[in-house]
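Student: sequence and computational prediction follow.
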Amino acid sequence: MSRSSKGVATAKRSKTGAFSYWLRELRAPFFTASIVPITLGAAVAWNYFGSFSLWTFLLSLAVTLCLHAGANVVNDYFDYENGCDIVNKEFIPMFSGGSRLLVEGILSPNSVYIVAIGFFVVGVLSSLILFFVRGWIVLGIVAMGAITGYFYTKRIATRGLGELCVGLDFGPLAVTGSYFVQTGVLDFNPIWASIPVGLMIANILWINEVPDIPADKKVGKKTLVARMGKRKAIQAFKAILILTYLSIGMGVLFNLLPLLCLITFLTVPLAVKAIRSSSEHVGTGRPLAPANVAMVKIHLVAGLLLSAAFTLSRLLAGILP
């Protein structure tokens, strides 16, 4: 191989490596947290109004993903700056302890911060298109998402409000926002559907924070999980998971959700696995990762099943009760 060929090959590998690093920094696998509520909001709108705008759906998704990416990156930066990720020795790769790219010296803090701000700016500017279609409410929703995303680690999580904030952002706020963009209407229709999704994403964060408890305490990051301690936090994780399914069952029982939403109970075996794994972690010190994985799967599968239930209920109107 000639020197020029070797140089091209090295450059390609370098670009591929940089791309993979930034995907890791963005924590791209967790973008399902944005995809699920935006899809669900559009499905609820279709169920009640029978209309769907692909371009507003895609733009809503793009805006949400930008804000999500910005939040992931900037909070990785803040957790590095406050020393939390540096002292964290019990992290679970991909789930807790951040991306580790700053700790490992692969990316520079300045570049990470600039990229984070860039995503926030692109997200907010992109939302202006939706503003011209739907008005000021869109900007209010986007502004709330951007502000809470930026200040999550620096101000919100340290006050024990992080889990609640994430549940609201990726539950009621995102689902209602997607519904509003499709319909131009703010009403109760998407609210109950957003509750289980919000509980599930909050519970992903909740179980991910358990290994971070010692590091969070060392740097004064007083998350609600850290305040409760491992054993109580695990019990709360189970309670939130059970409450998720109860909210779906109660929604169907009181005609707040379509009957087909009961198909989400197909994910109960995953919930049992998550509960069992979290219990074994406390009792025997076994790895917590299976509970983390199961919770991510529950959110994705149950969230998409909720969307499918609303869509099919519209198509089968007059056949189903």
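Tutor: That came in fine, so what should we check first?

Student: only C-alpha atoms for contact and neighbour calcs from this point on.
Tutor: Fine.

Student: low-scoring stretches of the stretch 151-300 of the chain, by residue?
Tutor: 283-286 (pLDDT under 70).

Student: now the helices: where do they sit in it?
Tutor: Along the stretch 151-300 of the chain, the stretches classed as helices by DSSP state H, counting those that start in this stretch are 162-168, 174-183, 189-209, 213-218, 224-228, 230-253, 268-284, 289-315.

Student: need the winner for burial among those.
Tutor: Of all these, helix 174-183 carries the top mean neighbour count, a mean of 26, counting by mean count of other C-alpha atoms under 10 Å.

Student: for residue 40, find the nearest of the helices of the stretch 151-300 of the chain.
Tutor: Nearest to residue 40, of all the helices of the stretch 151-300 of the chain, is helix 289-315, at 4.7 Å by C-alpha to C-alpha.

Student: packing partners for that closest one?
Tutor: Judged by 3 or more C-alpha pairs under 8 Å, 6 or more residues apart in numbering; DSSP states H and E, the packing partners of helix 289-315 are helix 32-49, helix 189-209, helix 268-284.

Student: one more time with 6 Å
Tutor: When contacts are defined as 3 or more C-alpha pairs under 6 Å, 6 or more residues apart in numbering; DSSP states H and E, helix 289-315 sits against helix 32-49, helix 268-284.

Student: next structured bit after the first one?
Tutor: Toward the C-terminal end, the helix or strand that comes next after helix 32-49 (DSSP states H and E) is helix 54-81.

Student: avg pLDDT for the helix or strand that comes right after that following helix?
Tutor: Sequence order places helix 84-87 as the next helix or strand after helix 54-81, per DSSP H and E. Taken as a whole, helix 84-87 has a mean pLDDT of 87.

Student: for helix 84-87, buried residues please.
Tutor: By neighbour count on 16 or more other C-alpha atoms under 10 Å, the buried set for helix 84-87 is 84, 85, 86, 87.

Student: residues contacting residue 151?
Tutor: Applying C-alpha atoms under 6 Å, 6 or more residues apart in numbering to residue 151 gives no contacts.

Student: and it, how far from residue 306?
Tutor: Using C-alpha to C-alpha, to the nearest Å, residue 151 is found at 30 Å from residue 306.

Student: check residue 144 too.
Tutor: From residue 144 across to residue 306, the span is 25 Å (C-alpha to C-alpha).

Student: how about residue 44?
Tutor: Applying C-alpha to C-alpha, the value for residue 44 to residue 306 is 9 Å.

Student: again, but for residue 26
Tutor: To residue 306, residue 26 is 27 Å away according to C-alpha to C-alpha.

Student: what do you get for residue 28?
Tutor: Here the criterion is C-alpha to C-alpha. By it, residue 28 lies 23 Å from residue 306.

Student: what do you get for residue 135?
Tutor: 28 Å.

Student: and if you look at residue 161?
Tutor: Distance, residue 161 to residue 306, by C-alpha to C-alpha: 27 Å.

Student: sweet, I'm off.
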